[in-house]
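Asks: the following comprises the amino acid sequence and a computationally predicted model.
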Amino acid sequence: MLNITFVLPDKNEITVVANEGDSLMQTAVDNDIEQISGDCGGCCSCATCHCFIDDKWKAKMMAADDMETELLEGAIDNMQENSRLACQIFLNKEHDGLVVHVPESSW
Amino acid sequence: MSCIIIGASHAGVQAAANLRRQGYAGKVILISADTVLPYQRPPLSKAFLQNVLPEQKLWLRPETFYQQKDIDLMLGKRVTNIDREQRTVSLDDMQCLSYDKLILATGASIRRLTVPGSDLSGVHYLRDYQDTMGIRDSLKKAHNVVVIGGGYIGLEVAASLQKLGKNVTLLLKHDRPLSHISNNVVSDYLTQLHTTHGVNIQLNVVVTEIIGVDKVLAVETENGQRYPADMVIAGIGVVPEQQLAEQCGLDVNNGIRVNEYMQTSDHNIYAIGDCSSFYHPVYQKQLRIESVQNATDQAKTASTAICGQFVPYSATAWFWSDQYDDKLQTAGLSEGYDEIVIRQETEKSLAVFYLAQNQLIAVDTINQPKSFMISRKYIHNLPKVNKVILADKNQDLNSAFTEIAGV
């Protein structure tokens, strides 16, 4: 069991419990974080799960692959270095305590 | 106060979740004919069929979600009747439930084969969880599989079975796959893709008989060919599930007719997702769309209206399909196009833009997700575009929408 904190657009923080092996998108959807809708179910097709990984956690993240990067570049006007698609981040022990900033949905 | 939702797939579950998000204070009752937790449909023909997606990841929400949100999820129940005067629905277990608002999210049912032999054991369809489980079970003893139909389901099933090492024949009635929705360029790419992966794809063939004794043995086509088959999977389309609506006198015509807020001809009853027929204000035509996007977005429109905010539905349609390692994404609706522009980045990466009177109405992309995303952002009002930039892989696609000089 891992603790994951979502910082919502209004700066409210919600800390939820996640399962190892689940994606960050699934964790958000299961806990009704409404800005992360994950419409395609996590197959990297829609970019409705865009989020920002807190800078302190950068080193613990696998880099985005080409498909994810292209989707992000196309979808997000103000893409930042820490922009990610939550469906492509699979949680492991290393991620206990992860902090994720959730923007307003672009869709 | 209570809202009953009939059907717990993408549309129904989204509607229930949204009612709670928006503070709906009454009872929310979500009725499903399926006996398992509400699940995602797209993986049924892909990862879940290939047995690489665990069941727990197929569920749309965990079981606890419904409890936490005070959503009364009734599994394994069928609604048999709607009484609009009394505002009640009857279930097959004789229960009768009252509603103030009713949402029909009844989806669609598979179109079945009608040729001789269609009722033989070993003939399968793919629409729900049980279908995929049945196919997975039968696959254990099957090597030769004939897939009938060149839409998304036929193509995805063919790709999945080929990945599983089966000997797959794909029979298409038309001269190319996705013939109703895509241009030749996309169809030809897909034909080549499946051929390269070893699928025996046959175009322009009409199935005349499923041959077998008790169990399927082969599929025969009009030209006399016989294709050996240990099992047959037909993906030949769906019809909207509108029987309940019809019985209670709502307007139906290839779907349950709704207004811009997803209200049927009875304003206390809404219809969303695959079963709803609506007028799209941007495309200016009556539509019924079978997609996850349409299901979830219409659910939001309906639940928002039930909570007192009436916002007309005008979402951009989008679709996706994964076959082998290739990703097909579509934004908009291409019907009625009079011109295409192609943006080819590599042999395996292309975008086909569909225009009607110089306005962009749709795009299909194959392994070009960035172009899909950029187009999806701009396409909502069918913009005029700079065709030279569209076609030029060395220029930023965004500028095709912002610099339209020379159109």
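Replies: Sure, I can see it. Numbering: from 1, shown residues only, chains lettered A, B, ... in the order given.
Asks: wait, does stretch B:280-293 contact chain A?
Replies: Yes - Stretch B:280-293 comes into contact with chain A (Cβ under 8 Å from any Cβ of the partner chain), by way of B:Val292, B:Gln293. For every residue, glycine as well, the C-beta is placed using N, CA and C.
Asks: all helices of chain A, in order?
Replies: A:24-30, A:66-75 (DSSP state H).
Asks: looking at chain A, which helix or strand is least sure?
Replies: helix A:66-75 (a mean of 93; mean pLDDT, DSSP states H and E).
Asks: got the CA coordinates for that one in PDB?
Replies: Extracted in PDB, the C-alpha atoms of helix A:66-75 (Å, rounded to 0.1, in the frame of the first residue of the first chain):
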ATOM      1  CA  ASP A  66       7.900   8.700 -27.500                       C
ATOM      2  CA  MET A  67       4.200   8.000 -27.700                       C
ATOM      3  CA  GLU A  68       3.500   9.700 -24.400                       C
ATOM      4  CA  THR A  69       5.800  12.700 -25.300                       C
ATOM      5  CA  GLU A  70       4.100  13.200 -28.600                       C
ATOM      6  CA  LEU A  71       0.600  13.100 -27.100                       C
ATOM      7  CA  LEU A  72       1.700  15.600 -24.400                       C
ATOM      8  CA  GLU A  73       3.300  17.900 -26.900                       C
ATOM      9  CA  GLY A  74       0.200  17.900 -29.100                       C
ATOM     10  CA  ALA A  75      -2.400  18.100 -26.300                       C
END
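Asks: anything in it near chain B?
Replies: Yes - Helix A:66-75 lies within reach of chain B by Cβ under 8 Å from any Cβ, at A:Met67, A:Glu70, A:Leu71, A:Glu73, A:Gly74, A:Ala75.
Asks: and that helix, what does it pack against?
Replies: Applying 3 or more Cβ pairs under 8 Å, 6 or more residues apart in numbering or on different chains; DSSP states H and E, we find helix A:66-75 packed against strand A:83-85, helix B:369-378.
Asks: the next helix or strand along the chain from the longest one: which residues count as buried?
Replies: If I follow you right, that is helix B:369-378. The helix or strand immediately downstream of helix B:369-378 is helix B:387-391, counting by DSSP states H and E. With burial defined by 16 or more other Cβ atoms under 10 Å in any protein chain shown, the residues of helix B:387-391 counted as buried are B:Lys387, B:Ile389, B:Leu390.
Asks: ditto for stretch A:47-66
Replies: Those would be A:Ala47, A:Thr48, A:Cys49, A:His50, A:Cys51, A:Phe52, A:Ile53, A:Ala64, for stretch A:47-66 by 16+ other Cβ under 10 Å.
Asks: quick revisit: closest one to B:Leu104 out of the residues of helix A:66-75 next to chain B, please.
Replies: B:Leu104 lies nearest to A:Ala75 out of these, by Cβ to Cβ, at 32.3 Å.
Asks: what's near enough to touch that closest one?
Replies: Remark: with contacts taken as Cβ atoms under 8 Å, 6 or more residues apart in numbering or on different chains, A:Ala75 is in contact with A:Ala47, A:His50, A:Ser106, B:Met373, B:Arg376, B:Lys377.
Asks: the first one against A:Leu85, yeah?
Replies: Yes - look at A:Ala47 against A:Leu85 with Cβ atoms under 8 Å: they come within range, at 6.2 Å.
Asks: which neighbours do these two share?
Replies: Joint contacts of A:Ala47 and A:Leu85 (Cβ under 8 Å, 6+ apart) are A:Leu71, A:Leu72.
Asks: okay, now residue 42: neighbour count?
Replies: Reading this off chain A. When neighbours are defined as other Cβ atoms under 10 Å in any protein chain shown, A:Gly42 has 26 of them.
Asks: that's the other chain; I wanted chain B
Replies: 22.
Asks: for B:Tyr39, same thing?
Replies: The number of residues packed near B:Tyr39 is 24, by other Cβ under 10 Å.
Asks: which pLDDT value belongs to it?
Replies: Looking at B:Tyr39, its pLDDT is 98.
Asks: quick check: it touching B:Leu58?
Replies: Yes - using Cβ under 8 Å, B:Tyr39 is in contact with B:Leu58, at 4.6 Å.
Asks: looking at chain A, which residue is nearest chain B?
Replies: A:Gly74 (2.8 Å; Cβ to the nearest Cβ).
Asks: who in chain A is up against chain B?
Replies: A:22, A:26, A:29-30, A:32, A:34, A:37, A:39-47, A:67, A:70-71, A:73-75.
Asks: sorry, back to before: could you dump the helices of chain A to TSV with distance to B:Ile31?
Replies: Formatted as TSV, these follow (distance: least, Cβ to Cβ, whole Å):
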stretch	distance to B:Ile31
helix A:24-30	22
helix A:66-75	35
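Asks: now the longest helix belonging to chain B: average pLDDT?
Replies: Longest helix in chain B, counting residues (DSSP H): helix B:292-306. Confidence over helix B:292-306 (mean pLDDT, whole number) is 98.
Asks: related to what we said a few turns ago, out of the buried residues of stretch A:47-66, which is nearest to B:Val363?
Replies: Once Cβ to Cβ is applied, the member of the buried residues of stretch A:47-66 that ends up nearest B:Val363 is A:Ala47, at 15.2 Å.
Asks: no further questions, thank you.
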